[in-house]
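Colleague: Structure for the following, please:
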Amino acid sequence: MTKVSILIPVYNEQATIIDLLTAVAAQKIDGVEFEVIVIDDGSKDNTVKLLEDNAGLYTMLIKQPQNGGKGAAVKAGMKQASGDYILFQDADLEYDPADYKQLMLPVLRFDADVVMGSRFLAPEFVRVSYFWHKVGNLVITFVFNIFNNTTFTDVYSCYLMFKRPLVDADQLQTEGWEQHAEILSKAVGGSKSYYDVPVSYQGRTYEEGKKIRAHHAIAVLWTIIKMRLMR
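Modeller: Numbering: from 1, shown residues only. Below is the predicted model of the structure:
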């Protein structure tokens, strides 16, 4: 069996968390065992109560004492993960757990070190959203590929999966939006086998709770460059 630790950071996600966990629990893949770790980042709504009332939908609940941001929640989850692989899952239903079967294909067939879910590889559907978000993503992906000699198509997709030993949570230096770039850089830098697979995307609008802004790209690009120079 291949064990996958699914890390789900949550902050004030009472509207979607149970639907998301139900969808995760419905995924059954031959030869794969899922460990579901939910990290509550100091939610102030009804998220924690919903989680405690539905303990059968996850393996472990980590309750952060205060809101430290997604990066701090990710580090807390990584420290508790015991799977062969780590997979990130947002709690807002932008990404569909039904795509786990796509993500697992390169692992089960080729023992992939890193698998990235791409919204730009002919997925079943992608909700049309902000033009400049796509431009920013393409620029970040382009820069990452230049510095790492790779051909990823969507490096800032939520669905990043990698062999757990490739990234040590205690060695991570960032906790903002740029942390994803640091984790991917470390995973790629320590491995030789990476894959893109298509995943669908139901992106949220700003009115629906989307948080990322254009200025976040500056720290992301600097992290990509810094991580390559430090290797």
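
Colleague: Let me know the pLDDT of residue 130.
Modeller: As predicted, residue 130 sits at a pLDDT of 67.

Colleague: That should have said residue 211, apologies.
Modeller: The model's pLDDT for residue 211 equals 56.

Colleague: per-residue confidence at residue 228?
Modeller: pLDDT for residue 228: 89.

Colleague: What of residue 91?
Modeller: So residue 91 comes in at 94 (pLDDT).

Colleague: Would you quantify the distance from the residue nearest to the spatial centre of the chain to residue 37?
Modeller: The chain has residue 88 as the residue nearest its centroid, 3.0 Å off, counting by CA atoms, centre = their mean. Noted for residue 88: a distance of 11 Å to residue 37, by CB to CB, to the nearest Å. C-beta here means a position set from N, CA and C on the backbone, and glycine is covered the same way.

Colleague: okay, and the common contacts of these two?
Modeller: The contact sets of residue 88 and residue 37 overlap at 6, 7 (CB atoms under 8 Å, 6 or more residues apart in numbering).

Colleague: for the residue nearest to the centre of the chain, what are its contacts?
Modeller: 6, 7, 74, 158, 159, 160, 161.

Colleague: One more: residue 86?
Modeller: Contacts for residue 86 were tallied using CB under 8 Å, 6+ apart; they are 4, 5, 7, 78, 161, 162, 164, 167.

Colleague: pretty sure it belongs to a helix, no?
Modeller: No: secondary structure assignment (DSSP: H, G, I helix; E, B strand; the rest coil) places residue 86 in strand, not in a helix.

Colleague: and the gap between residue 228 and residue 194?
Modeller: From residue 228 to residue 194 the distance is 15 Å (CB to CB).

Colleague: Find the residue ranges of this structure scoring beneath the pLDDT cut-off.
Modeller: 123, 125, 128, 130, 132, 204-216 (pLDDT under 70).

Colleague: Quick one: classify residue 115 as helix, strand or coil.
Modeller: Taking three-state DSSP as the rule, one finds residue 115 in the strand state.

Colleague: What residues are bridge-paired with it?
Modeller: Beta-bridge partners for residue 115, by DSSP bridges, are residue 161, residue 195.

Colleague: what do you get for residue 61?
Modeller: Beta-bridge partners, per DSSP bridges, of residue 61: residue 38.

Colleague: Which residues are in contact with it?
Modeller: Contacts of residue 61 by CB under 8 Å, 6+ apart are 38, 40, 51, 52, 55.

Colleague: Counting by contacts, list what the biggest helix by length in the chain packs against.
Modeller: If you go by DSSP state H, the chain has its longest helix at helix 131-148. Contacts defined by 3 or more CB pairs under 8 Å, 6 or more residues apart in numbering; DSSP states H and E place helix 131-148 against helix 179-189, helix 216-230.

Colleague: could I get it in CSV with only the CA atoms?
Modeller: Extracted as CSV, the C-alpha positions of helix 131-148 are listed here (Å, rounded to 0.1, in the frame of the first residue of the first chain):
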residue,chain,number,x,y,z
PHE,A,131,-7.2,37.2,-16.6
TRP,A,132,-4.3,38.7,-14.6
HIS,A,133,-4.3,35.8,-12.2
LYS,A,134,-3.6,33.5,-15.2
VAL,A,135,-0.9,35.9,-16.5
GLY,A,136,0.7,35.9,-13.1
ASN,A,137,0.6,32.2,-12.8
LEU,A,138,2.2,31.8,-16.3
VAL,A,139,5.0,34.2,-15.4
ILE,A,140,5.7,32.4,-12.1
THR,A,141,5.6,29.0,-13.8
PHE,A,142,7.9,30.3,-16.6
VAL,A,143,10.5,31.6,-14.1
PHE,A,144,10.3,28.4,-12.0
ASN,A,145,11.0,26.3,-15.2
ILE,A,146,13.9,28.5,-16.2
PHE,A,147,15.6,28.2,-12.9
ASN,A,148,14.9,24.5,-12.4
